[in-house]
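Engineer: Show me how the following folds:
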Amino acid sequence: MKLFYEMFKIPASNQFRTKDRIEFWLIFNGEGKIVTAGKSYDMKLHDMILIPTESEVAFICSAPVTVGRILADDIHYMSNNKPVFTPGTDTGLIRQLFFIALDISGKNPPYKARLISALDNLVHTSLISAHLVSGHKNPYIVEVINDILNHAFDPDFDLIDRIIRTGYTPNYFRRIFRQETGVPPLEFMNNIRIDHAKELLIQKDDKTSFSEIALACGFSDVYYFSRLFKKNTGYTPKEYVCHYHEWSITSGS
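Structural biologist: Okay, here's the model as predicted:
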């Protein structure tokens, strides 16, 4: 998972179009109104809105507005192609992490790439939490997602058993879960596991085996982990490590 952070100012009412990334807009100064997907959202200080990919956005304001923007490549399953508004009372942690990310991006601390990767994971989890609260999802879906976030890296975590304990049949739960998140429960959990695997592979040394990394991400079968990782990223875990180090040397990180 890779996130991108930027601050920009909207001097007057304007129109925008998102491209192939989800965008989260945080209001840091001023206020206005966002119109997208046929709905209007009053945006005040610290409010946040998730804007899906390929969306037309009109921002209406009578005075300049400062916006913090987070662009996300790999969390398309959060929006299900719908805007989601989050009030400023629920964005405190995201705002703090946003400024830390901007600060790190403008400097060259030791292990900068690792710091940014770890920070992206924190922001990712915070965005999911805010999204769940604001999206008013089925409480059983929220409970299962919270359990996935808390136990995704435990190889003994039994997702099917957790779903059955909601009282729904697995097939019906998969259907309503997909309606809410855009993906079925297992794919949701595996996306989180693969994101964690990317972070561990970046930090891998010669003493750490791929089997150990797979286990640390919740996979007891290293061959299944490798197949899933390649399906998700286009690289085997070994190839990913090689490509990362090549990129680090090229970029000087």
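
Engineer: List the buried residues of the longest helix seen in the chain.
Structural biologist: Here the longest helix in the chain is taken by residue count, with DSSP state H as the criterion, and it is helix 112-135. By 16 or more other C-beta atoms under 10 Å, the buried positions in helix 112-135 come out as 112, 116-117, 119-121, 123-124, 126-132, 134-135. All C-beta spots, glycine's among them, are computed from the backbone N, C-alpha and C.

Engineer: How about stretch 165-182?
Structural biologist: Buried residues in stretch 165-182 (16+ other C-beta under 10 Å): T166, Y168, F173, R174, F177, R178, E180, T181, G182.

Engineer: Stretch 49-56 now?
Structural biologist: Of the residues in stretch 49-56, those buried under the neighbour-count criterion (16+ other C-beta under 10 Å) are I49, L50, I51, P52, S55.

Engineer: do the same with stretch 141-157
Structural biologist: I141, V142, V144, I145, D147, I148, H151, A152, F153.

Engineer: Doesn't the fourth one belong to a helix?
Structural biologist: Yes - the secondary structure assignment for I145 places it in a helix, going by DSSP: H, G, I helix; E, B strand; the rest coil.

Engineer: That one contacts I128, doesn't it?
Structural biologist: Yes - proximity of I145 to I128 meets the contact threshold set by C-beta atoms under 8 Å, at 7.4 Å.

Engineer: Which elements pack onto the host helix or strand of Q15?
Structural biologist: Using DSSP states H and E, the element containing Q15 is strand 14-17. Using 3 or more C-beta pairs under 8 Å, 6 or more residues apart in numbering; DSSP states H and E, the elements in contact with strand 14-17 are strand 56-60.

Engineer: Tell me the strands beside the strand it packs on, with direction?
Structural biologist: Based on DSSP bridges, the strands next to strand 56-60 in the sheet, each with its direction, are strand 14-17 (antiparallel), strand 32-36 (antiparallel).

Engineer: After that strand, heading C-terminal, what element do we hit next?
Structural biologist: strand 65-72.

Engineer: Buried residues in the very next helix or strand once past that next one, which are they?
Structural biologist: Downstream of strand 65-72, the first helix or strand assigned by DSSP H and E is strand 84-86. Judged by neighbour count (16+ other C-beta under 10 Å), strand 84-86 contains these buried residues: V84, T86.

Engineer: buried ones in whichever helix or strand comes after strand 84-86?
Structural biologist: On the C-terminal side of strand 84-86, the nearest following helix or strand under DSSP H and E is helix 92-105. Neighbour-count burial for helix 92-105 flags I94, R95, L97, F98, A101 (criterion: 16+ other C-beta under 10 Å).

Engineer: Would you mind getting the angle between helix 92-105 and strand 65-72?
Structural biologist: Angle, helix 92-105 to strand 65-72, by axes from the mean of the first three to the mean of the last three C-alpha atoms, to 10 degrees: 80 degrees.

Engineer: Compute the inter-axis angle for helix 92-105 and helix 112-135.
Structural biologist: Computed by the same axes, to 10 degrees, the angle separating helix 92-105 from helix 112-135 equals 160 degrees.

Engineer: can you list contacts of helix 92-105?
Structural biologist: With C-beta atoms under 8 Å, 6 or more residues apart in numbering as the contact definition, helix 92-105 has outside contacts at 3, 5-7, 24, 26, 28, 46, 48, 68, 70, 112, 115-116, 119-120, 122-123, 126-127, 130.

Engineer: Map the structural domains onto the sequence of the protein.
Structural biologist: According to automatic domain parsing, the chain comprises the domains 3-135, 139-251.

Engineer: just the strands in the stretch 151-253 of the chain please.
Structural biologist: In the stretch 151-253 of the chain, no strands are found when defined by DSSP state E, counting those that start in this stretch.
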